[in-house]
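1. what's the 3D shape of this:
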Amino acid sequence: MESRKKKRAFIFGIYATVIVILAAVMIFYSKVERTPLVAEDDTEFAKAVVLNVVSEESAQDGMDAGNQQLVLKITSGNYKGMVVEGSSMNGYLYGAYCEKDTKVIVRLSEYEGTVSASVYNYDRELPILLIVVFFLAVMWVVGGKRGIHSITALVFTFFMILTLYIPLMYIGWSPFVAAVLCVILITTLSLLLIGGAARKTICAIAGTVAGVVAAGVIAQLFGNAAHISGYNVENIETLVYIGQNTKLNIGEMLFSGILISSLGAVMDVAMSVSSALSEICEKSPDISRKELFKSGMRIGRDMIGTMSNTLILAYVGSSVNTLMIIYAYQYSAHQVMGMYSIGIEIMQSLSGTLGIILTVPFVSAVSAYLYKKQK
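-> Model prediction:
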């Protein structure tokens, strides 16, 4: 009974800490002043529904580009309830092929009392909300109490990235330092929620932070050797414009992102190895530190292969478009190796995987020291 009370008190303390940190971060987020990068022309994005398709310039099948003239009813924002005429340029990235009752997002502007509208894209808010709710519900039902803790950790991670990591870089912090700070906060709170107040949690936290930082350092060393920086990415023109108007350090952004992207896999390996060693130590209290460390290495070796595949395949999957272009145009090996996009993908996947691999000896060493120290 006493143990249950302590456990409940601990969980309550963790949730209280999460709330306090989120409140502090939200206060910080609200005080960050963002430089306006576009002219304030009273443009507004709002929801709308198509009442009628007046005309269309070419036959549409839902995929081809074309132009439609529409009658739209605004369903949100300052012009809610208003019926306006608008246009839709149906392209691959922007616009929408509209029919009666199609729900869209429109760009509204007013000039001399006349409101004009153009379709920005389909209204996807409801499908996105439904799949998020379904995901959280499944996590709750299947995971039970631990599922609730996992949801809390996931929400905490999401908020830390959007309201702390991004704003810190925006106001001039080193992207690497901002990423390390967020990694420490996310790792500590997530693993305490999942693993509880135990030595295995401390070992997993230490191993995760060490492995993730190692991945970032390796990526930075590789980037320097291969002449790759944060300036060699897509949308660099937009980022440079942002950097000219803020204190953003564009060069380090790419490497700090590797810390964030490898965090989940590294955390998984660290917790698994730490838990296994904790169980071994409980069952075999006379085991030596050396043997405990060797056990951790053996357990980790079985995980390295699968987790490395997981991380590398995730990056390969995100590069399918690039790989198809290379295959179809029959790029030479020298040309492929000279591409920034390929170099960046190799750097991200291999440095992240090295972070996973190095986590195993980190966790094994910390676990062997802490577990046997108590004995």
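2. show me where this protein has helices.
-> For the chain, the helices defined by DSSP state H cover 2-31, 125-160, 166-170, 175-195, 199-226, 236-245, 250-283, 289-318, 320-329, 333-337, 340-374.
3. mind giving me the packing neighbours of the fifth one?
-> Contacting helix 199-226 under the criterion 3 or more C-beta pairs under 8 Å, 6 or more residues apart in numbering; DSSP states H and E are the following elements: helix 175-195, helix 250-283, helix 340-374. The way it works is simple: take the backbone N, C-alpha and C, and place the C-beta from them, glycine included.
4. kindly reformat those as CSV containing mean pLDDT and distance to residue 301.
-> Listed next are the helices and strands packed on helix 199-226 as CSV, based on pLDDT from 0 to 100; distance: least, C-beta to C-beta, whole Å:
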stretch, mean pLDDT, distance to residue 301
helix 175-195, 92, 22
helix 250-283, 91, 10
helix 340-374, 89, 7
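5. dump those helices to a markdown table, plus distance to residue 158 and mean neighbour count.
-> Listed next are the helices and strands packed on helix 199-226 as a markdown table, based on distance: least, C-beta to C-beta, whole Å; neighbours: other C-beta atoms under 10 Å:
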| stretch | distance to residue 158 | mean neighbour count |
| --- | --- | --- |
| helix 175-195 | 10 | 21 |
| helix 250-283 | 12 | 22 |
| helix 340-374 | 20 | 21 |
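6. can I get the ones you listed in a markdown table with distance to residue 97?
-> Formatted as a markdown table, these follow (distance: least, C-beta to C-beta, whole Å):
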| stretch | distance to residue 97 |
| --- | --- |
| helix 175-195 | 40 |
| helix 250-283 | 35 |
| helix 340-374 | 31 |
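7. for residue 24, which of the ones you listed is the nearest?
-> Closest of the helices and strands packed on helix 199-226 to residue 24 is helix 175-195, at 10.9 Å (criterion: C-beta to C-beta).
8. report all helices and strands that the closest one contacts.
-> helix 2-31, helix 125-160, helix 166-170, helix 199-226, helix 250-283.
9. and those helices, which one's lowest on average pLDDT?
-> Here the helices and strands packed on helix 175-195 differ in mean pLDDT, and the lowest is helix 2-31 at a mean of 88.
10. if you count contacts, what does that helix end up packed against?
-> Against helix 2-31 (3+ C-beta pairs under 8 Å, 6+ apart) you get helix 125-160, helix 175-195.
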